[in-house]
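Enquirer: how does the following fold in three dimensions:
(2 chains)
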Protein chains: 2
Amino acid sequence: MTSLQTVDSYREEIFASLTPLAPQEIPLAEADGAVLASDVIAAWPLPGFDNSAMDGYAVIAADVASASTEHPVTLPVEAEAPAGDTTSRTLSPGRVIKIMTGALLPAGAEAVVPVEWTDGGSERVTITRPAGQGHAIRRAGDDARPGDLLLAAGTRLGPAQIGVLAAAGHGAIVARRRPRVTVISTGNELAEPGTPLVPGLIWNSNSYMLASAARQAGCDVTRHTVVRDDPAAVLAAIELAAATVDLLVTSGGVSMGGEHDAVKAALSILGSVGFRKIAMQPGMPQGFGLLGSPPRTPIFTLPGNPVSAMVSFRIFVEPAVRVLQGLQVPPVSTGSGLLTDPVRSPAGRRSFLRGIYDRQAATVAPLTGQNSHQIASLARANVLIMVPEPDTELPAGTEVDLVDLP
Amino acid sequence: MTSLQTVDSYREEIFASLTPLAPQEIPLAEADGAVLASDVIAAWPLPGFDNSAMDGYAVIAADVASASTEHPVTLPVEAEAPAGDTTSRTLSPGRVIKIMTGALLPAGAEAVVPVEWTDGGSERVTITRPAGQGHAIRRAGDDARPGDLLLAAGTRLGPAQIGVLAAAGHGAIVARRRPRVTVISTGNELAEPGTPLVPGLIWNSNSYMLASAARQAGCDVTRHTVVRDDPAAVLAAIELAAATVDLLVTSGGVSMGGEHDAVKAALSILGSVGFRKIAMQPGMPQGFGLLGSPPRTPIFTLPGNPVSAMVSFRIFVEPAVRVLQGLQVPPVSTGSGLLTDPVRSPAGRRSFLRGIYDRQAATVAPLTGQNSHQIASLARANVLIMVPEPDTELPAGTEVDLVDLP
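Expert: Take a look at the predicted model:
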């Protein structure tokens, strides 16, 4: 048997060959999951102007300094400043301006008396508590000043980040978009779910599963309908997709047999995809390469067994998505737990076994049904148990590294 | 001051008033994040037929029992069974059938000799190792048998679950869909990000932020362009949305001042929305109700300050989305950590302070800028620090409950 490449060496090699996507302008409403390519600096103060933190009355502090329940102060209301009003007003001594939360503070106002401390009057208002300098006032720039770092390069945009970009006036942002991915499943044996089967055929599950996994990894996904095991048809589908997306993922057509491997046959015509045997189980037969002219489109050819495909996606493709967005590759392992039962693994290969992690107990129970076609146990698993290459069996109670499953 | 309703009491009340969505048939390609309303039971065996686990040769075990490198066995190849071939074949004694991974096993075959143990011949094949009964054969039903539970009611569909549904032949599935949500922001003071501002106006950030948060919570989201503070316009937008979506979320227009609160004014016409003061900070002014005729559409009216809106979304709306999908409400707290610095909180209110949780150290650092309009610190936070109602200050080193932020 030829020697196998290790999981770690293969990961390093493929991630190093990827080029992050070019940053582009993305409308804010479509920016979920995009990654900033450079720092975002405040151009204006946040808030942009002094404004009221409450509904109440803008006052000069000295005018209400003596106010109490026993000796309330009554003052004329000279105007009203609702939120959104852009009129600039000046407060006269001995008077108040009724003001709403968020409204522009009149020039000269020193505090806002909350409506709860007043009789709420419109012509004249009676105030029963003093408000000190700056009370209930939000100062321009008290959230961010011009020049402040709002978001650092490498930030993945979620709700709060999109909120601060909007608040700072960005209708669009320069960032690395969610990668566009096409998932292609191949195989003469595939029938669409929902259609009748005869023995010899199986329902196409990989393209649905991998498309869902790619969406969970933050991609915009196109799922390609089944392509027959015909190298010309496979090649046409791959070339079309390579010209329009950022990443291609195929499954099937790369096993060891040779003559029926349509994906291998198609890609050997292109010549830029390498097929490897990786020291792992499941997932030994892997292919990776770059297609087309620069910027070249990476392609992963994953094995056709559903569990092999899913493990390969999690270990190779999902981190590659991060690299395309300019992010660091996280470690394979996302945690650890104690085995509830012994596990076995072939010598010289890293095994990824399906397990159920119990967060409370910090234990992990290996599932039965660990063959690479057994998808039912995959759907029950919440982690993969990683067994290092040298180990052939680990007893119950061993602390093992885990990889979370989406 | 009127007494305030506690966070826990308000949560219980609103979640109890929600009715889960009616289960409906959802095409598998659109089923990400849908929740099963009933168990999914295998109708057919998985796999559906005995098939080969490897590329190789289907044999009768006795015919290759003596095979070794020194004394190989050479047998005629009587046929070839590629994957996807539905021809039913019978293997004759003293012969082999070349077979690909996943192909239908010929009747009479007892084992598959992997191609690696042979010379790979097409007319005749020379075999150098024996293969015992059942070697490299996947038996029908070894993943699931008819009647087996594949997925339990209440399962949220992710990649592996969608994979097993496809593998079991479901082109569509009866489930509770991702809730459809409309997010509406209101306020005369709002301008669209990317347009110029004058003092008195602010850029609309809540609708972008809440739409992103709703997508992260697993919803299909429509974001409504800014509605002016006009009760008739707000009411029209709300009634239109209520007729077409599963949940409405507004922000702004519910403060304490009264006359300029367009959302309150609009909804008071409908009469089915209650406005409350909740013992929390930020997020005191909350509204919730049910609109239209059955099935009635829930509406949350969140406060307009961005941090208040986000905290309210996380504490009230996100769990409500789970209830609409028939799921249990998880506890508010998602973990705990040790304070690196002291925090303060008003008596009688539960505070949700922005913090940065350090997983390695299991510590949480409260951020500066905790006012409810200060969105910049929200974008840096990864958790909310929860300070219980009775506590007014907690020293550094206190273990506090945390709420993770999306």
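Enquirer: doesn't A:Ile356 make contact with A:Ala365?
Expert: Yes. Under the criterion of CB atoms under 8 Å, A:Ala365 makes contact with A:Ile356 at 4.9 Å. Heads up, the C-betas are built off the backbone N, CA and C, glycines and all.
Enquirer: domain map for chain A?
Expert: A:7-21+A:179-324, A:24-42+A:150-176, A:51-138, A:335-404 (automatic domain parsing).
Enquirer: save the ones you listed as TSV, and put in mean pLDDT, mean neighbour count and distance to chain B too.
Expert: Converted to TSV, the domains of chain A look like this (pLDDT from 0 to 100; neighbours: other CB atoms under 10 Å in any protein chain shown; distance: least, CB to the nearest CB, whole Å):
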stretch	mean pLDDT	mean neighbour count	distance to chain B
domain A:7-21+A:179-324	91	21	2
domain A:24-42+A:150-176	97	21	2
domain A:51-138	96	19	3
domain A:335-404	96	18	4
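Enquirer: with respect to B:Ala172, which of these lies nearest?
Expert: domain A:7-21+A:179-324 (6.5 Å; CB to CB).
Enquirer: distance from the chain centre to the closest one, please.
Expert: 22 Å (CA atoms, centre = their mean, to the nearest Å).
Enquirer: same check on stretch A:115-123?
Expert: With CA atoms, centre = their mean, you get 48 Å for stretch A:115-123.
Enquirer: end to end on that stretch, go ahead and measure it.
Expert: This stretch, stretch A:115-123, spans 14 Å end to end (CA to CA, to the nearest Å).
Enquirer: so who does the closest residue in space to A:Val73 that isn't next to it in sequence touch?
Expert: Computed as CB to CB, 6 or more residues apart in numbering or on different chains, the closest residue to A:Val73 that is not its neighbour in sequence is A:Ala67, at 4.2 Å. Applying CB atoms under 8 Å, 6 or more residues apart in numbering or on different chains, one finds that A:Ala67 lies in contact with A:73, A:117, A:127-130.
Enquirer: in JSON lines, list the domains of chain A along with distance to B:Gly141.
Expert: As requested, the domains of chain A are exported to JSON lines (distance: least, CB to CB, whole Å):
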{"stretch": "domain A:7-21+A:179-324", "distance to B:Gly141": "13"}
{"stretch": "domain A:24-42+A:150-176", "distance to B:Gly141": "40"}
{"stretch": "domain A:51-138", "distance to B:Gly141": "65"}
{"stretch": "domain A:335-404", "distance to B:Gly141": "11"}
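Enquirer: these: which one's closest to B:Ala211?
Expert: Closest among these, using CB to CB: domain A:24-42+A:150-176, at 7.4 Å.
Enquirer: contacts only, for A:Gln133.
Expert: Contacts of A:Gln133 by CB under 8 Å, 6+ apart are A:61, A:110-111.
Enquirer: next SSE after whichever helix or strand A:Ala160 is part of?
Expert: Element membership for A:Ala160 (DSSP states H and E) is helix A:159-167. Per DSSP H and E, the first helix or strand lying C-terminal to helix A:159-167 is strand A:172-176.
Enquirer: A:Thr225 belongs to a helix, doesn't it?
Expert: No. Per DSSP: H, G, I helix; E, B strand; the rest coil, A:Thr225 lies outside any helix segment and is strand.
Enquirer: okay if I get the contacts of A:Gln133 as JSON lines plus distance to B:Gly171?
Expert: Listed next are the contacts of A:Gln133 as JSON lines, based on distance: CB to CB, whole Å:
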{"residue": "A:Ala61", "distance to B:Gly171": "71"}
{"residue": "A:Glu110", "distance to B:Gly171": "69"}
{"residue": "A:Ala111", "distance to B:Gly171": "66"}
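Enquirer: tabulate the residues you listed (TSV), appending distance to B:Phe49 and secondary structure.
Expert: Below are those laid out as TSV (distance: CB to CB, whole Å; DSSP: H, G, I helix; E, B strand; the rest coil):
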residue	distance to B:Phe49	secondary structure
A:Ala61	86	helix
A:Glu110	84	coil
A:Ala111	81	strand
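Enquirer: quick one: the helices in chain A, in order.
Expert: A:7-16, A:61-64, A:159-167, A:206-216, A:231-242, A:262-270, A:306-312, A:318-324, A:375-380 (DSSP state H).
Enquirer: dump these into TSV; add distance to B:Ala361 as well.
Expert: Shown next, in TSV, are the helices of chain A (distance: least, CB to CB, whole Å):
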stretch	distance to B:Ala361
helix A:7-16	27
helix A:61-64	44
helix A:159-167	23
helix A:206-216	29
helix A:231-242	45
helix A:262-270	47
helix A:306-312	32
helix A:318-324	24
helix A:375-380	34
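Enquirer: returning to that earlier point: and the helix holding A:Ala160, what does it pack against?
Expert: strand A:149-151, strand B:202-203, helix B:206-216, helix B:306-312, helix B:375-380 (3 or more CB pairs under 8 Å, 6 or more residues apart in numbering or on different chains; DSSP states H and E).
Enquirer: between these, which one is nearest to A:Ile173?
Expert: Of the helices and strands packed on helix A:159-167, nearest to A:Ile173 by CB to CB is strand A:149-151, at 9.0 Å.
Enquirer: skipping adjacent residues, who's closest to A:Gly141 in space?
Expert: A:Pro45 (3.4 Å).
Enquirer: need the contact list for the one you found.
Expert: A:140-141, A:144-146.
Enquirer: neighbour-wise, give me the winner out of these.
Expert: Comparing the contacts of A:Pro45 by number of neighbours (other CB atoms under 10 Å in any protein chain shown), A:Ala144 comes first, having 25 neighbours.
Enquirer: for that one, give me the pLDDT.
Expert: You'll see A:Ala144 listed with a pLDDT of 96.
Enquirer: grab the nearest non-local neighbour of A:Thr69.
Expert: Per CB to CB, 6+ apart, closest to A:Thr69 is A:Thr128, 4.9 Å.
Enquirer: over to A:Ala365?
Expert: A:Ala365's closest residue in space is A:Thr340 (CB to CB, 6+ apart), at 4.4 Å.
Enquirer: contacting residues around the one you found?
Expert: A:363-366, A:396.
Enquirer: just confirm A:Met209 contacts A:Gly304, I think it does.
Expert: No. Between A:Met209 and A:Gly304 there is no contact under CB under 8 Å: 11.9 Å.
Enquirer: next up, the contacts around A:Pro388.
Expert: Counted by CB under 8 Å, 6+ apart, A:Pro388 has contacts A:Arg350.
Enquirer: phi first, then psi, for it.
Expert: phi -60, psi 160 (degrees, to the nearest 10).
Enquirer: any idea how far it is from A:Gly397?
Expert: The gap separating A:Pro388 from A:Gly397 is 16 Å, by CB to CB, to the nearest Å.
Enquirer: what of A:Pro319?
Expert: 30 Å.
Enquirer: and if you look at A:Met284?
Expert: Counting by CB to CB, the gap from A:Met284 to A:Gly397 is 29 Å.
Enquirer: quick check: A:Thr222 touching A:Ser207?
Expert: No. If you go by CB under 8 Å, A:Thr222 and A:Ser207 don't touch, sitting 10.3 Å apart.
Enquirer: between those two, which contacts overlap?
Expert: A:Val183.
Enquirer: contact partners for the closest residue to A:Ser17 other than its chain neighbours?
Expert: In this structure, A:Ser17 finds its nearest non-sequential neighbour in A:Leu290, 6.8 Å apart by CB to CB, 6+ apart. Neighbouring residues of A:Leu290 by CB under 8 Å, 6+ apart: A:17, A:272, A:296-299.
Enquirer: strands - which of the residues you listed land there?
Expert: A:297-299 (DSSP state E).
Enquirer: looking at those, which one is closest to B:Ile238?
Expert: For the ones in strands among the contacts of A:Leu290, the nearest to B:Ile238 is A:Thr297 (45.4 Å; CB to CB).
Enquirer: residues contacting the residue nearest to the closest one when sequence neighbours are not counted?
Expert: Closest residue to A:Thr297 apart from its sequence neighbours, by CB to CB, 6+ apart: A:Ala242 at 4.3 Å. By CB under 8 Å, 6+ apart, the contact set of A:Ala242 is A:248, A:291-292, A:297, A:299.
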